[in-house]
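Chemist: no sequence on hand, only this structure:
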């Protein structure tokens, strides 16, 4: 395996990512859009999810492809962000054709960032225009950290953020991850600078600090006190492999391993942890069972790395309730 040229989810050809945020609000959204519709799937393992149009991603449903996927802050209010993306795509003539009607298919998921110090006293829901703005921003290159859906994200003791990573398998299939890290749990080992995802780091992409030599497994497994709010880490795995919706769903299941390796604990009753999969179908599977195994394993590794990168790249802002990793350790 090798890194993709950007080490971003957009190393999967035909995909772009756009971000929009409001710094006073301390929130924002992120959109993944394809040059053409792509096969999509989803798997939820958290106890407090918030979603739009995820039921249609089941393998037995009529629509097998979508036009975009959206990750947003704002809790239930953030479910308006896909509506802005939907409006923008409709204006482009994109969507599922039903007679003379064109209906863009835009599933989305939200995270809880309403208690992060931002100004939430809006009159009109701000997330629909943020969604449209994120779509307009979509490109191959994008920043990480305090941007888009990661703008107001938090973890147990640090600011969260938007992360991404990629890898190219020996057979040429590309896999990428995009994640908004907003967890009840911790991404660092027992309050130390070392990321739980340290064993999966490539080229010092999140500081090169390695694993903690003094890790106490018993201490690390002590239960947390119930948090004052719900959180949620939401992610997208993308690949250029030609996957059915059923195969893509299995990749989403496998990718949750990467979340569990990078966030301790993950998939709690207070998190709505969720993973979408986007498959552009440009590369056929030569050996479907073996290729699926390799893609699922790479997806988990990419997601672990993306989670650590999102927190590592976070930057401070006025009114923050938590420090960034760099404020605490650099």
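Modeler: In hand now; what should we look at? The shown structure was predicted, so the numbers you read here are calculated from the model rather than taken from an experiment.

Chemist: could you give the average pLDDT over the top helix by length along the chain?
Modeler: Across the chain, the longest stretch assigned as helix under DSSP state H is helix 288-312. On average, the pLDDT along helix 288-312 is 97.

Chemist: same question, stretch 193-200
Modeler: Average pLDDT, stretch 193-200: 94.

Chemist: now do that stretch: distance to the chain's middle.
Modeler: Centroid separation for stretch 193-200 versus its chain: 18 Å, with C-alpha atoms, centre = their mean, to the nearest Å.

Chemist: tell me the buried residues in it?
Modeler: Neighbour-count burial for stretch 193-200, counted by 16 or more other C-beta atoms under 10 Å, picks out 194, 195, 196, 197, 198, 200. C-beta here means a position set from N, CA and C on the backbone, and glycine is covered the same way.

Chemist: the fifth one contacts residue 210, correct?
Modeler: Yes: the pair residue 198 and residue 210 passes the contact test of C-beta atoms under 8 Å, sitting 5.5 Å apart.

Chemist: C-terminal to the longest helix of the chain, what's the next element?
Modeler: helix 325-329 (DSSP states H and E).

Chemist: ok but residue 206 is inside a strand, no?
Modeler: No: the assignment for residue 206, made by DSSP: H, G, I helix; E, B strand; the rest coil, is coil rather than a strand.

Chemist: contacting residues for the spatially closest residue to it that is not a sequence neighbour?
Modeler: Leaving aside its sequence neighbours, residue 206 sits nearest to residue 312 (C-beta to C-beta, 6 or more residues apart in numbering; 3.9 Å). Contacts for residue 312 (C-beta atoms under 8 Å, 6 or more residues apart in numbering) come out as 145, 161, 163, 195, 205, 206, 207, 325, 326.

Chemist: ditto for residue 75
Modeler: Contact analysis of residue 75 by C-beta under 8 Å, 6+ apart lists 50, 110, 111, 112, 113, 114, 230.

Chemist: any idea how far residue 35 lies from residue 250?
Modeler: Remark: distance between residue 35 and residue 250 (C-beta to C-beta, to the nearest Å) = 25 Å.

Chemist: looking at those two, which has the bigger crowd around it?
Modeler: Between residue 35 and residue 250, counted using other C-beta atoms under 10 Å, the more crowded position is residue 250 (18 against 10).

Chemist: and that one, that's in a helix?
Modeler: Yes: checked against three-state DSSP, residue 250 lies within a helix.

Chemist: find me the pLDDT at it, would you?
Modeler: Confidence for residue 250, expressed as pLDDT, is 97.

Chemist: quick check: it touching residue 295?
Modeler: No: taking contacts as C-beta under 8 Å, residue 250 lies outside contact range of residue 295: 9.2 Å.

Chemist: okay, now the unreliable bits of the stretch 101-250 of the chain?
Modeler: Residues of the stretch 101-250 of the chain that meet the criterion pLDDT under 70 lie in 213-230.

Chemist: can you show me the strands along it?
Modeler: Ranges of strands within the stretch 101-250 of the chain are 101-103, 108-110, 161-168, 174-181, 234-241, based on DSSP state E, counting those that start in this stretch.

Chemist: show me where the stretch 51-200 of the chain has helices.
Modeler: 81-91, 127-136 (DSSP state H, counting those that start in this stretch).

Chemist: quick check: buried residues in the longest one?
Modeler: So the one you mean is helix 81-91. Buried residues in helix 81-91, counted by 16+ other C-beta under 10 Å: 81, 82, 83, 84, 85, 86, 87, 88, 89, 90.

Chemist: same question, stretch 101-116
Modeler: In stretch 101-116, counting by 16+ other C-beta under 10 Å, buried: 104-116.

Chemist: let's have the strands of the stretch 101-250 of the chain in TSV, adding distance to residue 64.
Modeler: Putting those into TSV (distance: least, C-beta to C-beta, whole Å) gives the following:
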stretch	distance to residue 64
strand 101-103	14
strand 108-110	18
strand 161-168	25
strand 174-181	20
strand 234-241	15
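
Chemist: can you get me a residue count around the residue nearest to residue 116 when sequence neighbours are not counted?
Modeler: Of all residues not flanking residue 116 in the chain, residue 152 sits nearest, at 4.4 Å (C-beta to C-beta, 6+ apart). Residue 152: 33 surrounding residues under other C-beta under 10 Å.
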